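[1] sequence unknown, structure follows:
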C-alpha cells in the first residue's frame, strides 16, 4: 500500500513537470525506506516510465534508501524505453561498478554520483556525473569529464585529485549544508548583479596546483 501511494505521488509530480515543458528528464530515487526488493523497484520504475511522461534517470543511492540494486536489475531498468541513465552513488567503485560499466547499453548512461570518486569512475567508463560539488565549480567538473573522454589521462588525474580535495571540504558538514551556504541568495550588488555569492572563489593557482580556501565559520 505504501509503495502504491509513493508511485501515485511520483506520477503526479512527473506529470506536472512534463506539462511545464521546461524539464528534459527527472532524477528519481529508488523507493526510500519501504525497501520493496529488486522486483518491486523494477515494477515501480516501469509504472513511472510508462505513465509519467518524462525520461527518467534512476538515482541508485542504497545507503540513503536502504534498497541496493544488482547489476542485472540496473540493466533491466536500462532497457525500459523511458529510463535513460543512472546516477550511480553506491559509495564504492567495486566489482559491481565495473560489471555495470562493462554491460550497460549505449542508450543507458552511467553517471557518477559520489563526488570524491568521480574521477576514477570516469576513467573506468562512466559517461559523466550528477554532482553536488559541481554547483560550486561547474567548469572544472565539465573540464574533468572532457579530459577523460579525450584520453588526456595525466591532466585528468591531476584535476581529479584537486577536485577530490574540494569535495572533501564541501562535504565537511552534512551534505548539502556547505554547498547551500555557498550558493545562498543575498541582496544584489553592482559587483554581484545575480544576487548570489559562492564559496570558494575561483581556484587560486600556486606553483601549478590549485589551492582551495577554507570555508569561513560563522561568528
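    Nice, I can see it. Just so we're clear, the structure is a prediction, and the values are computed from it rather than from any experiment. Numbering: from 1, shown residues only.

[2] any idea how far the residue nearest to the spatial centre of the chain lies from residue 12?
    The structure's the chain has its C-alpha centroid closest to residue 130; by Cα atoms, centre = their mean the separation is 2.6 Å. Counting by Cβ to Cβ, to the nearest Å, the gap from residue 130 to residue 12 is 23 Å. (C-beta placed from N, C-alpha, C; glycine too.)

[3] what comes into contact with stretch 39-55?
    3, 6-7, 10-11, 14-15, 17-19, 23-26, 28, 30-31, 36, 56, 58, 67, 69, 73, 76-77, 80-84 (Cβ atoms under 8 Å, 6 or more residues apart in numbering).

[4] How about it, which residues are buried there?
    41-42, 44-45, 47-49, 52-55 (16 or more other Cβ atoms under 10 Å).

[5] Restricted to helices, list these.
    The helices, defined by DSSP state H, take in 41-42, 44-45, 47-49 from these.

[6] Can you classify the closest residue to residue 65 other than its chain neighbours by secondary structure?
    Nearest residue to residue 65, sequence neighbours excluded (Cβ to Cβ, 6 or more residues apart in numbering): residue 32, at 4.4 Å. Assigned state for residue 32: coil (three-state reduction, DSSP: H, G, I helix; E, B strand; the rest coil).

[7] And for residue 32, the neighbour number?
    Around residue 32 there are 13 other residues, counting by other Cβ atoms under 10 Å.

[8] and it, how far is that from residue 130?
    Distance of residue 32 to residue 130, computed by Cβ to Cβ: 17 Å.

[9] wait, what's in contact with the residue nearest to residue 65?
    Residue 32 sits next to 64-67 when contact means Cβ under 8 Å, 6+ apart.

[10] what do you get for residue 69?
    30, 38, 41, 58, 60, 62, 77 are the contacts of residue 69 under Cβ under 8 Å, 6+ apart.

[11] and it, how far is that from residue 45?
    Distance, residue 69 to residue 45, using Cβ to Cβ: 10 Å.
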